[in-house]
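[1] Sharing a model prediction with you, sequence too.
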Number of protein chains: 2
Amino acid sequence: MITQKLFFTPKISASHIDEAYEALREEMKSSKVGYYTLPDGDMVDKIESFIKDKELNTKKLKNVAVIGIGGSSLGTRAVDTLLSHTSDRNDKKLIFLENVDPIEIENNLKNIEFDESIFIVISKSGSTVETISHLKHLIDYFKIDIKSEKFRFRFVTITDENSPLDAFSKEFGLDSFYIPQNVGGRFSVFSAVGLLPLSLLGYDIRKLLEGAKEIRESFFAKNEDLLVQKAHCYVTQSKRAPINVLFSYAGAFNAFNDWYVQLWGESLGKVNEIGEHCGMTPVGLIGSIDQHSFLQLLIEGPRDKTVTMIKVKDFQKDLKIPNISLKYLEKTDFVNGITFNDLINAQCDATMQSIIKQGISVDLIEIKRVEEKSVGYLIFYYELLTSLCGHFLGINTYDQPGVELGKNILKEKFAK
Amino acid sequence: MITQKLFFTPKISASHIDEAYEALREEMKSSKVGYYTLPDGDMVDKIESFIKDKELNTKKLKNVAVIGIGGSSLGTRAVDTLLSHTSDRNDKKLIFLENVDPIEIENNLKNIEFDESIFIVISKSGSTVETISHLKHLIDYFKIDIKSEKFRFRFVTITDENSPLDAFSKEFGLDSFYIPQNVGGRFSVFSAVGLLPLSLLGYDIRKLLEGAKEIRESFFAKNEDLLVQKAHCYVTQSKRAPINVLFSYAGAFNAFNDWYVQLWGESLGKVNEIGEHCGMTPVGLIGSIDQHSFLQLLIEGPRDKTVTMIKVKDFQKDLKIPNISLKYLEKTDFVNGITFNDLINAQCDATMQSIIKQGISVDLIEIKRVEEKSVGYLIFYYELLTSLCGHFLGINTYDQPGVELGKNILKEKFAK
């Protein structure tokens, strides 16, 4: 389904590899970190009964609105963008009320009928200022009585148990789903945060979780040495090469790149035990487009980067470059008759070779087909990779203390 | 219209500032670098007569298709995304045939009627393999006779004089516009590359150029010391802080960020005169969204970044956070009654202060309103900034030798 290759020589001993496996197993067993067990449990059943009870699986429901920012929206967007070409995707419109940009808010609500929509309010803390402001705006915009049946039917919340949003939700009788306390926003896509909207869009969320379980089982059976070696290599190089580039050769990876940037940046950008500023800067690129942009910097710029290439073997589209020779343009005829699928992959290979030639550490993730199961696998693969990097950096991968300062300054501004 | 502030102490002497002004003036005067004079000349007149002669300024033309990649598309996309909220924008659909991803190609051509469209084929070299492959696919897809009037009417080319695409264009009688030889793709948005599609979309391209001229005049009158100081600071810090973050507080800057990444990365990622790998890695962020993502890395991660904040003073939307207090959610009431415009800007200020507190070099660009003139100004500002950085780095800002290797490997693959 997914294979990986490392184009560098790993320098980690067998015992250190084993320690890394055990460190993550310990995180899982101690229940300190909850994302490992998200693929288990009965959340899928709960979501499916919820959808059935409310009869949301019909053409009458036209819009799925996610009100949430950061970890509350990036995962859903990533999966939907990756899978939107599949036949499972229904034609419901997915909108995000995320940023507090007034132009975006207006655009997003254009042509949205209240009675054809479901509004999923997502906030782990239950008091995210952007999200609650959107909630208030929706109440005002649609002139909703929050004590009405209409409100209870159309709004659902996803939050931590006993959060302010949970208390609100109970007070007004809304349906709600919980995010486990030990699951951070950026690791929450396999909780209701991702599964509820993705299920409403028609995706087979069981298969998504199957893929996640597959790599998890393989990892904890200690069959994923390449993954551990990769994390170790990128961490030990991180002082010299603090930038990690994810170069995905398919347009549909755009939102996945954004999800990766949050996961990587927010998890690994930390002060470690001895007070050092750690972390690696994630950069997401799309091939072949960014061959015409960032590639020059990769090839001739500072040697401060490592690169992961993502390649999709089978786009499931048999679209060919026609066997046409245009006068004066014969120079490009060398690709005539091949499929666009083969062209983009040949470009991926060629770019990768040109980067490897510079002595840059490169690895390749090859995905056979982009479908629910492989996407679930890929996401969980990246979560494991992030946990491994955090282990090697000696940091707390799962908190985000650095964002509090700005929030406090904001509050002080308005207190004045 | 646009103001800038530096939150660090510049360390460049008056004579070095003067040298920088003169270096860019010399580039302009010697005609080595052509983008400086793009806002002059008669290109706007040519484009306007072209549109008039072909009667393209009507409702009958529904689609503007740009066939081009990298510098041939990023600028147009950036400007259109920034300005799409303005009343000048007509309802023509803009599509890009850019990547060779087969899923994207299929999606892009859905619901596109040939007789309601204009196809602008853009390639500076005139032999970009992605672009010419798209051209062949369009010919096949719409079953076009390339000797027909229909082809001549619907297709137009923008390329270097005497390029293969120019020769093709002449052979089959297509209308065409030239990119001056001394203007690179990433600096070409004020040539026909950007002006033709943007004019077709209804934008006032004269105002766009007016804005560009305004900052150019001010610069060459030596009134832009802050700009020179900023370039100097970021370059002299670039060994310690090789990452430049552009943190834009408005969703519409998404594509502008991509344009900046190309401009910055491809211009400054170079081997300098003494064989050193130079360059700074551009990272584009959107506020407030990325407060919930990359910000943690900025605050607690390695001190290897400088940060530019972009703030829009007036979104021209008077949308307020309603004065509603929701039970248990009172914690967020501190923003009640203010506009979303003010909230996003207060978030920008708060985030900026929290970054400055870390001792990171920060500067702020404040835009009064996002409209044609200020966008033209901002783009030219960034082009000047890039030229200044190249000057201080002692590199050739305008070539891209690093991308050739991959192209050659690709050709060899298919030759086998």
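    On my side now, so go ahead.

[2] where do the helices sit along the stretch 101-250 of chain A?
    A:102-109, A:129-141, A:149-154, A:164-171, A:192-200, A:205-220, A:225-236 (DSSP state H, counting those that start in this stretch).

[3] Most tightly packed of these?
    Comparing the helices of the stretch 101-250 of chain A by mean neighbour count (mean count of other Cβ atoms under 10 Å in any protein chain shown), helix A:192-200 ranks first with a mean of 27. Quick note: C-beta positions are derived from backbone N, CA and C, even for glycine.

[4] give me every residue that touches residue A:127.
    Residue A:127 is in contact with A:163, A:164, A:165, B:329, B:331, B:332, counting by Cβ atoms under 8 Å, 6 or more residues apart in numbering or on different chains.

[5] who touches the lowest-mean-pLDDT helix or strand in chain A?
    Scoring the helices and strands of chain A by mean pLDDT, DSSP states H and E places helix A:404-415 at the bottom, with a mean of 92. Helix A:404-415 is contacted from outside by A:129, B:291, B:295, B:299, B:334-335, B:338, B:346-347, B:349-351, B:353-354, B:357, using Cβ under 8 Å, 6+ apart.

[6] Could you figure out how far the lengthiest helix in chain A is turned away from helix A:205-220?
    Counting residues, the longest helix found in chain A (DSSP state H) is helix A:372-393. Orientation check (axes from the mean of the first three to the mean of the last three Cα atoms, to 10 degrees): helix A:372-393 against helix A:205-220 gives 40 degrees.

[7] Packing partners of helix A:372-393?
    strand A:2-6, helix A:14-29, helix A:74-83, helix A:205-220, helix A:225-236, helix A:254-268, strand A:362-367 (3 or more Cβ pairs under 8 Å, 6 or more residues apart in numbering or on different chains; DSSP states H and E).

[8] State the mean pLDDT of the fifth one.
    What it means is helix A:225-236. Averaged over helix A:225-236, pLDDT sits at 98.

[9] Alpha carbons only: can I get it in CSV?
    C-alpha atoms of helix A:225-236 as CSV (Å, rounded to 0.1, in the frame of the first residue of the first chain):
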residue,chain,number,x,y,z
ASP,A,225,13.0,0.3,11.5
LEU,A,226,13.1,2.6,8.5
LEU,A,227,10.7,5.0,10.2
VAL,A,228,12.8,5.1,13.4
GLN,A,229,16.0,5.5,11.3
LYS,A,230,14.5,8.4,9.4
ALA,A,231,13.3,10.2,12.6
HIS,A,232,16.8,9.7,14.1
CYS,A,233,18.6,10.9,11.0
TYR,A,234,16.5,14.1,10.7
VAL,A,235,16.8,14.9,14.4
THR,A,236,20.6,14.3,14.7
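
[10] So what's the gap between that helix and the chain middle?
    21 Å (Cα atoms, centre = their mean, to the nearest Å).

[11] Any part of that helix near chain B?
    No - no part of helix A:225-236 sits near chain B under the criterion Cβ under 8 Å from any Cβ of the partner chain; the closest distance found is 12.8 Å.

[12] Against which helices or strands is that helix packed?
    So helix A:225-236, by 3+ Cβ pairs under 8 Å, 6+ apart, packs with strand A:2-6, helix A:14-29, helix A:372-393.

[13] what angle do the first one and strand A:362-367 make?
    Between the direction of strand A:2-6 and that of strand A:362-367, the angle (the same axes, to 10 degrees) works out to 170 degrees.

[14] now swap in the second one and tell me
    Compare the direction of helix A:14-29 with that of strand A:362-367 by the same axes, to 10 degrees and you get 50 degrees.

[15] who's in contact with helix A:14-29?
    So helix A:14-29 is contacted by A:33, A:36-37, A:219-220, A:222, A:225, A:228-229, A:231-232, A:384, A:387-388, A:391-392 (Cβ under 8 Å, 6+ apart).

[16] moving C-terminal of it, what's the next helix or strand?
    helix A:43-53 (DSSP states H and E).

[17] any idea of the mean pLDDT for that following helix?
    Mean predicted lDDT for helix A:43-53 stands at 97.

[18] and it, which residues are buried?
    A:43, A:44, A:47, A:48, A:50, A:51 (16 or more other Cβ atoms under 10 Å in any protein chain shown).

[19] Dump the C-alpha coordinates for that helix into CSV.
    Presented in CSV, the C-alpha positions along helix A:43-53 are these (Å, rounded to 0.1, in the frame of the first residue of the first chain):
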residue,chain,number,x,y,z
MET,A,43,-16.6,6.1,17.9
VAL,A,44,-17.5,5.0,14.4
ASP,A,45,-20.6,3.3,15.7
LYS,A,46,-21.6,6.4,17.6
ILE,A,47,-21.1,8.6,14.6
GLU,A,48,-23.0,6.2,12.3
SER,A,49,-26.0,6.1,14.7
PHE,A,50,-25.9,9.8,15.1
ILE,A,51,-26.1,10.3,11.3
LYS,A,52,-28.8,7.6,11.0
ASP,A,53,-30.9,9.0,13.9
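
[20] what about that helix, distance to the chain center?
    On Cα atoms, centre = their mean, the centre of helix A:43-53 falls 23 Å from that of its chain.

[21] Stretch A:202-213 too?
    That offset, for stretch A:202-213, works out to 15 Å (Cα atoms, centre = their mean).

[22] Ok, stretch A:338-351 next?
    For stretch A:338-351, the distance to the chain centre is 25 Å (Cα atoms, centre = their mean).

[23] Not counting its own residues, what contacts it?
    In contact with stretch A:338-351 (Cβ under 8 Å, 6+ apart) are residues A:247, A:249-250, A:287-288, A:291, A:295, A:309, A:311-315, A:317-321, A:335, B:99-102, B:105, B:129, B:133, B:137, B:406-407, B:409-410, B:413-414.

[24] So residue A:364 versus chain B, what's the distance?
    As for residue A:364, its distance to chain B is 15 Å (criterion: Cβ to the nearest Cβ, to the nearest Å).

[25] Tell me the bridge partners for that residue.
    Residues in a beta bridge with residue A:364, per DSSP bridges, are residue A:5, residue A:309.

[26] can you tell me which residues contact it?
    Per Cβ under 8 Å, 6+ apart, neighbours of residue A:364: A:4, A:5, A:7, A:308, A:309, A:310, A:311, A:352.

[27] Please check the residues you listed and keep the buried ones.
    Looks like these have A:308, A:309, A:310, A:311, A:352 buried, using 16+ other Cβ under 10 Å.

[28] Which residues are in contact with the first one?
    Right, residue A:308. Counting by Cβ under 8 Å, 6+ apart, residue A:308 has contacts A:244, A:245, A:246, A:247, A:362, A:363, A:364, A:365.

[29] do you know how far it is from residue A:341?
    Applying Cβ to Cβ, to the nearest Å, the value for residue A:308 to residue A:341 is 21 Å.

[30] and what of the fourth one?
    Here residue A:311 is placed at a distance of 11 Å from residue A:341 (Cβ to Cβ).

[31] Spatially nearest residue to residue A:327 (excluding sequence neighbours)?
    Nearest non-adjacent residue to residue A:327, counting by Cβ to Cβ, 6 or more residues apart in numbering or on different chains: residue B:171, 5.4 Å away.

[32] Could you do residue A:230 as well?
    Per Cβ to Cβ, 6+ apart, closest to residue A:230 is residue A:363, 5.6 Å.
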